[in-house]
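Asker: predicted structure and sequence below. I'll ask about it afterward.
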Amino acid sequence: MRQTERGVARDVGARRIALAVEYDGGAYSGWQLQHHADTVQARLEAAASRVAAEPVRVHCAGRTDAGVHASGQVVHFDTQAERSLRSWVLGINSHLPDDIAVRWAQGVAPDFHARFSATGRHYRYVILCRPTRSALWRRRAVWTHKALDLGRMRTAGALLVGRHDFTSFRALACQAKSPVRTLRYLHLARQGDLIMLTVGADGFLHHMVRNIAGVLMAIGGGEAPVAWTAELLALRDRARGGVTAPPHGLYLTGVDYPAHFGLPTGGDVAGPPVL
């Protein structure tokens, strides 16, 4: 017997398992399954299906785009297989390529959903500021030869914190029903040649973080006034919203869930290590 939950068929009596997953998205056409391209979901489902000895469909908290990374992605799947949590982690990892890894596994209640149960998400965007390009950060950070004024970027970013209509900061093809989101924090820090932009919200629109990063980089480089962020919020017009920053500087670092699900908290809010 099968039961449908938010459009997802589930075998009644099956175990629901949640995983935390990290990956370097540079080699993949994003998270979501595609017929003619390699994706993170395809790799993870193939590995989990081998361990479960049955077909497994995996659902994620955030469908990252091509080239985007994750250090705190959360997924879930249903299975009739009986395996220890350690066996799920070690077994799935043994069938994954080196650029994808499971960090932990946890049994969860049948009403848990990696996407719909989430109450918040955290992202980090990494910018490399120096005169020359980097061989080591070429797929892990966005490089600019321009000097960026962190003070200007912080002042502009603070204007985005709170509950706003983020139409000017979402992709034209975004399918979200509402453009209103609550940005809970926006932090900027410099570590050597790197600028780390960290943001957390109740949810993010398609390309929202990359569009925020693009606007703040323009402001930090003196190409736009500090007040541009507030002006864009008021305009509610994506066509006036500036350049979308490249994907390879973006990391999904953590997902928040209600405490009663008993999942490890915090994700990897610290983001990627500094080389």
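Answerer: Now that the structure is in, tell me what you want to look at.

Asker: the stretch 1-150 of the chain: helices as residue ranges?
Answerer: Applying DSSP state H, counting those that start in this stretch to the stretch 1-150 of the chain gives helices spanning 40-52, 85-94, 150-158.

Asker: these two touch, right, Asp149 and Glu223?
Answerer: No: here Asp149 does not reach Glu223: they are 11.1 Å apart, not a contact under CB atoms under 8 Å. From N, CA and C alone the C-beta is placed, and that goes for glycine too.

Asker: quick revisit: would you reformat the helices of the stretch 1-150 of the chain as JSON lines and include distance to His260?
Answerer: Shown next, in JSON lines, are these (distance: least, CB to CB, whole Å):
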{"stretch": "helix 40-52", "distance to His260": "25"}
{"stretch": "helix 85-94", "distance to His260": "19"}
{"stretch": "helix 150-158", "distance to His260": "33"}
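
Asker: domains of this structure?
Answerer: Using automatic domain parsing, the domain ranges for the chain come out as 2-117, 120-252.

Asker: dump those domains to a markdown table, plus mean pLDDT.
Answerer: Putting these into a markdown table (pLDDT from 0 to 100) gives the following:
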| stretch | mean pLDDT |
| --- | --- |
| domain 2-117 | 92 |
| domain 120-252 | 95 |
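
Asker: pull out the buried positions in stretch 232-245.
Answerer: Neighbour counts over stretch 232-245 (16 or more other CB atoms under 10 Å) mark 232-233, 238, 241-242, 244-245 as buried.

Asker: next one: stretch 189-199
Answerer: Those would be 193-199, for stretch 189-199 by 16+ other CB under 10 Å.

Asker: same thing with stretch 252-265?
Answerer: 252-257, 263.

Asker: and which of the residues you listed is nearest to Trp137?
Answerer: Thr253 (17.1 Å; CB to CB).

Asker: right, I'll call it a day here.
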